[in-house]
Each structure stands twice: as C-alpha cells, then as structure tokens.
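In: fold the following for me, if possible:
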Amino acid sequence: MNHVLEKSLKKLGMRGVIDQFFRRMFDETCHALETLDGKRMSQHSWNRDEEGIWKLGESSPDAIYIDRLLHNGNVLEKVGVNYVAIEGELPPGMSFQQSGALATDIADKITRSKANRYFATGSSFVIHPHNPMAPTAHANYRYFEICQGDQPVYWWLGGGADLTPAYLFEEDAVHFHRVHKQVCDQYDPSYYPRFKRLCDEYFHIQHRGEHRGIGGIFFDHLNNQDPQKLFDFVTDCANAFIPAYIPILERRKDMSFTRLNKYWQHLVRGRYVEFILSCDRGVRFGLASGMVNQQSVFNCMPPVASWEYDDQPIPGTKEAILKEVLKNPREWL
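Out: Numbering: from 1, shown residues only. Below you'll find the predicted structure:
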C-alpha cells in the first residue's frame with residue numbers, strides 16, 4: 001500500500017477512495033478510446049427528482065449516474081460507458097437473491113430484515129468495433145455496500161473483463177488472458193485459474209449451450225481479505241484493461257473484410273443481446289431495483305444485431321472454428 005493511498009483512505013474512507021478511482025478509470029479509459037478513434041463521446045448525466053424518478057440534468061452528491069456514448073466512430077461502431085456513484089434506500093424486503101445481483105445468504109438475510117441504505121459505485125465499458133476482425137470487449141468493476149443506519153454491515157468488490165470475437169485470432173486471446181493473469185499472479189496464484197473459470201461459467205448462454213465469448217476474468221462478492229489489499233487488486237485489474245485490449249484493436253481495426261464477415265459479426269452480436277436479456281444479473285438487478293435509470297441499463301447493447309434460425313456455419317470455416325470454441329472454452333495459457 002503506497003503512502004498516498006494510505007493517507008487518502010484515512011481521509012476519505014474506503015468508499016470515497018474507491019469512488020474516486022472508478023471516476024478516474026472512467027475518464028482515462030474514455031480518453032484512450034477517444035484518442036484511438038478520433039471522435040469524442042457524447043455525455044448524459046442523470047439524477048433523481050424528489051419522487052425518485054430519473055431525470056436528465058446536473059448530478060448531485062446523493063445520486064450520480066453518467067452515460068457516455070460513441071456512435072459510428074472511425075474505428076468503433078458503438079461504445080457504451082457508465083459511471084455510477086449512488087446511495088439510497090432499498091425497498092423493504094428487497095431480496096438480492098430475487099434480483100440475482102448479490103446471491104449470498106448473509107446479504108439476503110440483511111436485506112430481508114428491513115429497509116437498508118446502500119451505496120454503489122463503479123464503471124463499465126462495452127466496446128463494439130466496426131471491423132468484424134476486431135473483438136467486442138467488456139470491462140466492469142464495482143463496489144457495493146449495505147448500511148444499517150450510518151454503519152456499513154456488508155460490502156463487496158466485483159468485476160472483470162472479457163472478449164467476444166466474431167473471428168478468432170489465438171494470439172489475441174493469449175495476449176488478453178496473459179495481461180490479466182500477470183495482475184492476478186501478483187496477488188494470488190490461484191486467482192487467475194479461479195476467475196477465468198468463473199468468467200467462463202458466468203458468460204454462458206444456457207439455452208444455446210454456448211459461451212458469450214472467449215472469456216477473461218470475472219469475480220464477485222470479493223471481501224474475504226484486507227480491504228486495502230483487495231482494493232489494490234481491483235485497481236490493478238481495472239488498469240490492465242487498456243493494455244490488454246487496445247493492442248488487439250490496433251492490430252485488427254484496418255483488416256479487410258467482406259459483407260459475409262459483417263453479417264457473421266451481426267449474428268454473434270445477436271448472441272450478445274440474448275445474454276444481456278436472459279442471463280445478465282446486473283441488468284436484472286437494475287430493472288428490478290430501479291437503482292439504475294432504464295435507458296442506462298441497455299447502453300451496452302450492440303448497434304446492429306441479427307438472428308437466423310439454426311445458424312450453423314459450414315464445417316471447417318473460421319466461423320465454425322469460433323463456434324466450437326464458444327461451445328468448449330479453451331485454456332489459453
């Protein structure tokens with residue numbers, strides 16, 4: 001733990017330091033994407049009125065939710081970015097088990113007992129490039145805290161990053177996984193294999209028998225060690241996203257492609273939509289709790305997606321190779 005962070009923790013507390021980091025991550029990642037693409041993102045700030053209804057306008061100390069959007073850029077077809085730092089009161093009896101967002105017995109018992117205050121902060125990024133040879137990427141890191149009165153009684157850190165390619169380049173998969181493994185190994189050699197497995201398990205479309213992409217890392221409810229050490233780990237993971245993804249994007253963004261390649265990309269994006277609507281816990285929680293404004297929940301959607309009945313690719317093609325990997329995840333390292 002460096003001295004600057006240690007002083008900040010004493011001054012602001014865990015909540016304040018984490019919130020500051022997620023806002024900085026939000027701004028710095030947006031800047032890196034804008035620099036690569038050459039187009040600026042638009043921004044929408046949301047706040048709640050006295051009746052709890054989400055309204056566009058200035059943010060406040062009590063509720064801050066910011067969306068940024070890049071649409072039809074030079075490299076990126078769509079980027080949906082969110083930053084949140086919000087506190088409020090969960091409805092009495094609101095069950096995290098029901099929403100699927102925080103499925104732990106302890107937290108569920110707390111939230112069922114009576115109305116509880118909560119604080120949530122985090123940043124998320126979903127990046128859909130124009131070129132079908134460049135993979136879609138997702139990163140999300142977050143902190144959640146439940147309070148009774150002014151005292152936090154339960155908290156956790158969570159997040160991860162993963163790739164969803166339309167066309168598989170093994171060197172891209174190896175690079176993305178290696179960067180994240182290097183971060184994990186600095187803290188615990190068991191982290192990468194465990195969080196890689198959790199990523200494969202979570203980003204699985206059960207009704208298709210396919211995974212959403214080629215994985216990465218994913219963890220949730222991380223609170224079993226010293227908070228400062230866990231915060232260091234999460235910040236290093238979050239800072240690894242740009243060096244893990246941007247070199248891949250730079251390699252693939254100018255590759256030639258056909259209309260067929262673009263159509264296959266749209267089919268893969270259709271699976272992405274299916275996962276968001278049927279499997280994603282964060283989306284279900286956002287819709288069930290009202291904690292997030294409804295437009296922001298779907299800021300991660302791809303700009304164009306397609307569906308075709310029984311879309312089986314021709315055996316031996318690059319599309320078929322990807323399909324096999326999506327059905328049977330590999331160990332990339």
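
In: settle this for me: Pro129 is touching Gly73, isn't it.
Out: No - judged on CB atoms under 8 Å, Pro129 makes no contact with Gly73 at a distance of 9.1 Å. Heads up, the C-betas are built off the backbone N, CA and C, glycines and all.

In: more crowded one of the two?
Out: Taking other CB atoms under 10 Å, Pro129 and Gly73 do not tie; Pro129 has more neighbours (23 against 19).

In: read off the pLDDT value for the nearest residue to that one once chain neighbours are set aside.
Out: Excluding its sequence neighbours, the residue lying closest to Pro129 (CB to CB, 6 or more residues apart in numbering) is Leu76, at 5.6 Å. At Leu76, the pLDDT value in this model is 98.

In: kindly report the same for the one 4 residues further on.
Out: Note on Gly80: pLDDT of 93.

In: packing partners of the helix or strand harbouring it?
Out: Element membership for Gly80 (DSSP states H and E) is strand 76-89. Under the contact criterion of 3 or more CB pairs under 8 Å, 6 or more residues apart in numbering; DSSP states H and E, strand 76-89 touches helix 3-37, strand 63-71, strand 117-129.

In: so what are the sheet partners of it and their directions?
Out: strand 63-71 (antiparallel), strand 117-129 (antiparallel) (DSSP bridges).

In: buried residues, that strand. List them.
Out: 76-88 (16 or more other CB atoms under 10 Å).

In: same thing with stretch 268-276?
Out: Under 16+ other CB under 10 Å, the buried positions of stretch 268-276 are 268-276.

In: what's the distance between Phe169 and Arg330?
Out: Going from Phe169 to Arg330 by CB to CB, to the nearest Å gives 13 Å.

In: look at Arg197 and say how many residues are nearby.
Out: Neighbours of Arg197 (other CB under 10 Å): 15.

In: can you check Arg24 too?
Out: Arg24: 14 neighbours (other CB under 10 Å).

In: now do the contacts for it.
Out: The contact partners of Arg24, by CB atoms under 8 Å, 6 or more residues apart in numbering, come to none.

In: same question for stretch 277-286, mean pLDDT?
Out: 76.

In: Cys184 versus Arg194, what's the distance?
Out: For Arg194, the distance to Cys184 - CB to CB - is 9 Å.

In: those two - which one has more neighbours?
Out: Remark: of Arg194 and Cys184, Cys184 carries more neighbours, 22 against 15, as counted by other CB under 10 Å.

In: tell me which residues are up against the helix or strand hosting the more buried one.
Out: Using DSSP H and E, Cys184 maps to helix 170-187. Residues outside helix 170-187 that contact it (CB under 8 Å, 6+ apart): 135, 161, 163, 165, 191-192, 195-196, 214-217, 229, 232-233, 236-237, 240, 243-245, 247-248, 251-252, 330, 332-333.

In: likewise for stretch 300-312?
Out: Stretch 300-312 is contacted by residues 71-72, 77-78, 80, 124, 126, 128, 136, 138, 263, 266-267, 269-270, 272-273, 276, 323 when judged by CB under 8 Å, 6+ apart.
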